[in-house]
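A structural model of the following input is requested.
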Amino acid sequence: MIRAAATAALLLILAGCTTPPPDVSGVLTEADAPAGTTWIPTGTVLTAGDDLETVEEYWADAGGSPEECFPLYLAAYGIRVADAGSADRTVEVGYFSPTDGGTGSIMVNARDFPDEAGATEYIQDVLESANACPGYTVGGLAVAPEGFAVARFEGGHGITGDGGSGDVATRFAVVRSGRTVIVIDAFLPQPTVLDLGVVDEIARLVLTRLGE
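Next up, the predicted model:
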């Protein structure tokens with residue numbers, strides 16, 4: 001009886017154990033800024049549910065359409081349509097801003113899922129959202145008018161997406177470190193002198209620093 005009770009107690013402890021999420025604060029610095037940009041660390045911590053409400057307002061106020069692209073628009077923030085009320089921790093790590101005062105940025109966001117399976121499922125969700133998006137308009141700008149070219153991320157577990165031609169230069173990388181998803185998303189008005197391959201480079205750098 002004592003052995004059975006001890007075993008049951010151990011199983012309860014193990015069931016409650018989850019791998020702690022990596023510390024994304026300070027994972028990038030000004031020294032990592034691509035030429036022509038400045039690193040702006042923010043470190044804002046919210047929840048997926050709170051983020052969803054905010055981004056829904058962005059999309060609506062900017063006249064985003066069509067609706068089938070809204071899930072992909074959310075992906076830049078590490079969230080999805082089904083996140084209403086979600087308490088998953090999200091972190092706005094920061095963003096790279098053009099030093100010439102131009103608009104646009106390369107955002108870096110992170111989200112902690114309850115487990116690695118949830119993080120892996122999210123990457124699949126983004127893949128499906130990208131494949132379902134024929135291109136969209138937001139703020140009067142045509143984004144990826146021929147759709148997004150999606151590929152497996154080279155250097156870790158994740159995917160990349162390229163928006164090709166349009167009013168803005170767009171590229172994203174969604175990668176995983178344990179149960180945390182990190183999203184690097186470039187949204188820069190055309191023309192831009194910045195090589196958007198830096199999105200993948202930043203993603204690889206973040207994964208390396210997180211021990212992947």
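
Helices of this structure, start to end?
According to DSSP state H, the chain carries its helices in the segments 2-15, 48-61, 70-75, 116-132, 198-209.

These: which one's closest to F148?
Smallest distance to F148 across those (CB to CB): 4.6 Å, for helix 116-132. Just so you know, the C-beta spots here come from the backbone N, C-alpha and C atoms, and that holds for glycine as well.

So which residue is smack in the middle of this protein?
Nearest residue to the geometric centre of the chain (CA atoms, centre = their mean): V183, 2.4 Å.

Now do the residue lying closest to Y58 once chain neighbours are set aside against V55, distance only.
Sequence neighbours aside, G64 is the residue nearest to Y58 in space, at 7.9 Å (criterion: CB to CB, 6 or more residues apart in numbering). Separation of G64 from V55 (CB to CB, to the nearest Å): 10 Å.

Buried residues, stretch 161-174. List them.
For stretch 161-174, a neighbour-count test (16 or more other CB atoms under 10 Å) marks G161, D162, G163, G166, D167, V168, A169, T170, R171, F172, A173, V174 as buried.

for this protein, which spans come out with low pLDDT?
Along the chain, segments meeting pLDDT under 70 span 1-18.

Quick check: bridge partners of V168?
Here V168 sits in beta bridges with P189, going by DSSP bridges.

so what's it up against?
For V168, the contact set (CB atoms under 8 Å, 6 or more residues apart in numbering) comprises G104, L141, A142, V143, F187, L188, P189, Q190.

picking that back up, let me have the helices of the chain in CSV, extended by mean neighbour count.
Listed next are the helices of the chain as CSV, based on neighbours: other CB atoms under 10 Å:
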stretch, mean neighbour count
helix 2-15, 9
helix 48-61, 16
helix 70-75, 22
helix 116-132, 17
helix 198-209, 20
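
picking up where we left off before, what's the burial count for the residue nearest to Y58?
For G64, the number of neighbouring residues by other CB atoms under 10 Å comes to 19.

Please look at it and L72 and confirm they touch.
No - contact criterion CB atoms under 8 Å: G64 and L72 do not qualify, at 10.6 Å.

list residues touching both of those two?
What both G64 and L72 touch, as defined by CB under 8 Å, 6+ apart, is the set Y136.

one step back: any idea which of the helices of the chain gets closest to S25?
When the helices of the chain are compared by CB to CB, helix 198-209 sits nearest S25, at 11.4 Å.

Now do the closest one: which elements does it pack against?
strand 105-112, strand 158-162, strand 168-177, strand 180-189 (3 or more CB pairs under 8 Å, 6 or more residues apart in numbering; DSSP states H and E).

Show me how far the third one is from its chain's centre.
What that stands for is strand 168-177. 7 Å (CA atoms, centre = their mean, to the nearest Å).

repeat for the shortest one
Taking CA atoms, centre = their mean, one finds the center of strand 158-162 at 11 Å from the center of the full chain.

Now do it against helix 198-209, angle only.
On the basis of axes from the mean of the first three to the mean of the last three CA atoms, to 10 degrees, strand 158-162 is oriented at 160 degrees to helix 198-209.
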